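K.L.:
structure of the sequence below:
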Amino acid sequence: MSPTTLPAGPEHGHVTFLGAGPGDPGLLTLRAVEALANADVLVAEHEVLDVVRTHARPGVAVVDPDTHPSSDAGPGVGTPQQTAVDGVSTTAGAPAVRDAAHLVMEAARGGRRVVRAVSGDPGLDAYAAEEMLACAAAGVPFEVVPGIASAVGVPAYAGVPLRDAQGADVRFVDARTASDRCWTEVGSSDGTVVVSTTLDSVAAAAGELVSAGRKPDTSLTVTIAGTTTRQRTWTATLGTIAQTLKQAKVLPSPDGGRPVIAVVGERGAAARRDQLSWFESKPLFGWKILVPRTKEQAASLSDQLRSYGAVPHEVPTIAVEPPRTPQQMERAVKGLVTGRYEWIAFTSVNAVKAVREKFEEYGLDARAFAGIKVAAVGEQTAKALIAFGVKPDLVPSGEQSAAGLLEDWPPYDPVFDPIDRVFLPRADIATETLVAGLIELGWEVDDVTAYRTVRASPPPAETREAIKGGGFDAVLFTSSSTVRNLVGIAGKPHNVTVIACIGPATAKTAEEHGLRVDVMAPEPSALKLAEALADFGMKRRAAALEAGDPVTRPSERRPGARRRRAAT
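P.N.:
Numbering: from 1, shown residues only. Modelled structure (predicted):
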């Protein structure tokens, strides 16, 4: 029986050695996600844990080998300590746990399923190989889930192909363990060399290759934090890389020991990078963007921003709470079932959620909408209804707003409409425009408070400081209330921060609070707002390249630069 199909025994359990890839969580394999979802214990160093933890089930015990003192570390070290992780207590630093291999086997005792996650691919990790041998010797069944090796994944994200049409050889070298013989072999060849090293050792590795026979003018690319939104790549030659890093002001640096991938090639891979750098050239690459919405509303917007290379930071500005007096909502929901209404109009995702929760409270489902026409104010509200099992009959064909909804709403016709009443579940904020418009069309409206919106608690101090100090590159405002609430709980965004608004009303509120609006969505949609910001970022990047300037993020500007530019 293969390791993959071995059942977990009551004594030894089962271990999955899993490759977490080079850093981008999106590069995890389907098999890796499946193994993480079934794990009882997750063993991973901190940097790897950030990649894999999202896919682990709630309640998994998480163990970091770096924080578990070994029994031979000295007097007083190695005493068992109970560490609560995700609601589960694990024993840290037990005397029997002398190293990561023993830690893994200790975690597997009692039939538990353990995932040992490592960076890159476990087949290229010498320590993982030792842990596998230890499991085999102890009779602990295990399997291996390959991951994308950093030496392959990082150049792909940097736009540096490792092979060309001529099929040049590719050699992989770990500079931290390479012998003189290894350097001699790769230096005497003319193929591509992929060197795993550290930022402060790149120049030394380049020197080794030159000493071994490579020409000093051989092209070289160096990538740090590969496959993440912190990725940065420098292009140079073996002879100039030290000066290039010095001019870029990355050395000397306390981060000099950070791992990097260097690609050395004779056939101009660095030159081709101008056309192939797809990742770092994303329109909002590395931009830290503030998304001030409720957590549920921010999710899809944040996903879209990530697709543009941004790093979204969600800050709830509005908390949604039940109405103070629920009786009105209860009567209206019962009226849906008894045939009181011809229409129900949803003006927000939160309204859909409020009605759905009330349905579930009464044991109802989407079938209760049978015979009732359903309207949704826009695409996101319509999607929330469809997820509930309800296909809306009316979504505005034009502007996605109350006014747009009224443009398409049919007038009441006593011949075709047996009932003249509309149920309008809404926030405690008044909706006079929609109510007045429906009444003008001949409808009776039950305007019911389905939920309350209240100002959220202030974000952490470091977030407030980043907002006021220019730590964010952009802020997306999706309503006037998000402007007022963000300024109220966190302060006014810094002058260098790009301000993007969903529509004219929101932009007016931003300007009333002393903010300069840089981007406005072509239509009132959060997704269109993200597209507009991406277009702004792309044009800004193109302008910098055309002027021969380095591409920077708004937060990297000198604080006074923008004010001076605006004054001219």
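K.L.:
which other residues reach stretch 538-550?
P.N.:
281, 283, 551, 552 (CB atoms under 8 Å, 6 or more residues apart in numbering). Every C-beta, even on glycine, is put in place using the N, C-alpha and C of the backbone.
K.L.:
mark which of those are buried, thanks.
P.N.:
Buried members of these, counted by 16 or more other CB atoms under 10 Å: 283, 551.
K.L.:
just put the contacts of stretch 538-550 in CSV and tack on pLDDT.
P.N.:
Listed next are these as CSV, based on pLDDT from 0 to 100:
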residue, pLDDT
281, 95
283, 97
551, 91
552, 92
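K.L.:
of the contacts of stretch 538-550, just say which sits nearest to residue 531.
P.N.:
residue 283 (9.7 Å; CB to CB).
K.L.:
verify the contact between the closest one and residue 531 for me.
P.N.:
No: if you go by CB atoms under 8 Å, residue 283 and residue 531 don't touch, sitting 9.7 Å apart.
K.L.:
pull the longest helix from the chain.
P.N.:
Longest helix of the chain, by residue count under DSSP state H: helix 526-547.
K.L.:
ok, residue 434 - contacts?
P.N.:
By CB under 8 Å, 6+ apart, the neighbours of residue 434 are 345, 347, 402, 405, 406, 424.
K.L.:
tell me the secondary structure at the fourth one.
P.N.:
Read that as residue 405. helix (DSSP: H, G, I helix; E, B strand; the rest coil).
K.L.:
how much space separates it from residue 554?
P.N.:
36 Å (CB to CB, to the nearest Å).
K.L.:
also the first one?
P.N.:
As for residue 345, its distance to residue 554 is 40 Å (criterion: CB to CB).
K.L.:
do the third one as well
P.N.:
Distance of residue 402 to residue 554, given as CB to CB: 34 Å.
K.L.:
now do residue 114, the pLDDT please.
P.N.:
In this model, residue 114 is scored at 96, pLDDT.
K.L.:
hang on, the earlier thing: just the closest of the contacts of residue 434 to residue 503, please.
P.N.:
residue 402 (12.3 Å).
K.L.:
residue 345 and residue 554: which is more packed in?
P.N.:
Taking other CB atoms under 10 Å, residue 345 and residue 554 do not tie; residue 345 has more neighbours (28 against 20).
K.L.:
what ranges of the stretch 1-150 of the chain fall below the confidence cut-off?
P.N.:
By pLDDT under 70, the weakly predicted segments of the stretch 1-150 of the chain are 1-11, 68-98.
K.L.:
show me where it has strands.
P.N.:
14-19, 41-43, 61-63, 81-85, 88-92, 113-118, 142-145 (DSSP state E, counting those that start in this stretch).
K.L.:
in this protein, what helix or strand scores lowest on average pLDDT?
P.N.:
Counting by mean pLDDT, DSSP states H and E, the chain has its least confident helix or strand at strand 81-85, which shows a mean of 33.
K.L.:
contacts for the longest strand seen in the chain, please.
P.N.:
Ranked by number of residues, the top strand in the chain under DSSP state E is strand 444-455. Strand 444-455 is contacted from outside by 317-324, 328-329, 332, 335, 341, 350-351, 353-355, 358, 420-429, 431, 435, 438-439, 481, 485, 488-489, using CB under 8 Å, 6+ apart.
K.L.:
name the residues of it that are buried.
P.N.:
In strand 444-455, counting by 16+ other CB under 10 Å, buried: 445, 446, 447, 448, 449, 450, 451, 452, 453.
K.L.:
I'd like those laid out as JSON lines, including distance to residue 191 and pLDDT.
P.N.:
Supplementary listing: the buried residues of strand 444-455 in JSON lines, determined by distance: CB to CB, whole Å; pLDDT from 0 to 100:
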{"residue": "445", "distance to residue 191": "75", "pLDDT": "93"}
{"residue": "446", "distance to residue 191": "75", "pLDDT": "93"}
{"residue": "447", "distance to residue 191": "73", "pLDDT": "91"}
{"residue": "448", "distance to residue 191": "72", "pLDDT": "92"}
{"residue": "449", "distance to residue 191": "71", "pLDDT": "91"}
{"residue": "450", "distance to residue 191": "66", "pLDDT": "91"}
{"residue": "451", "distance to residue 191": "64", "pLDDT": "90"}
{"residue": "452", "distance to residue 191": "67", "pLDDT": "87"}
{"residue": "453", "distance to residue 191": "62", "pLDDT": "80"}
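K.L.:
and which of those residues is nearest residue 199?
P.N.:
residue 453 (47.6 Å).
K.L.:
so where's this structure shaky on pLDDT?
P.N.:
1-11, 68-98, 165-167, 256, 266-271, 294-299, 430-431, 557-568.
K.L.:
distance from the centroid: which residue in it tops it?
P.N.:
residue 415 (53.0 Å; CA atoms, centre = their mean).
K.L.:
for residue 517, which residues are in contact?
P.N.:
Residue 517 neighbours (CB under 8 Å, 6+ apart): 499, 500, 501, 507, 510, 511.
K.L.:
list the contacts for residue 471?
P.N.:
288, 465, 494, 555.
K.L.:
okay, buried residues for the longest helix of the chain please.
P.N.:
526, 528, 529, 530, 531, 532, 533, 534, 536, 537, 540, 541.
K.L.:
which of the contacts of strand 444-455 count as buried?
P.N.:
317-318, 320, 323, 329, 332, 335, 341, 350-351, 353-355, 358, 422-427, 431, 435, 438, 481, 485, 489.
K.L.:
just these: which are in helices?
P.N.:
329, 332, 335, 350-351, 353-355, 358, 435, 438, 481, 485, 489.
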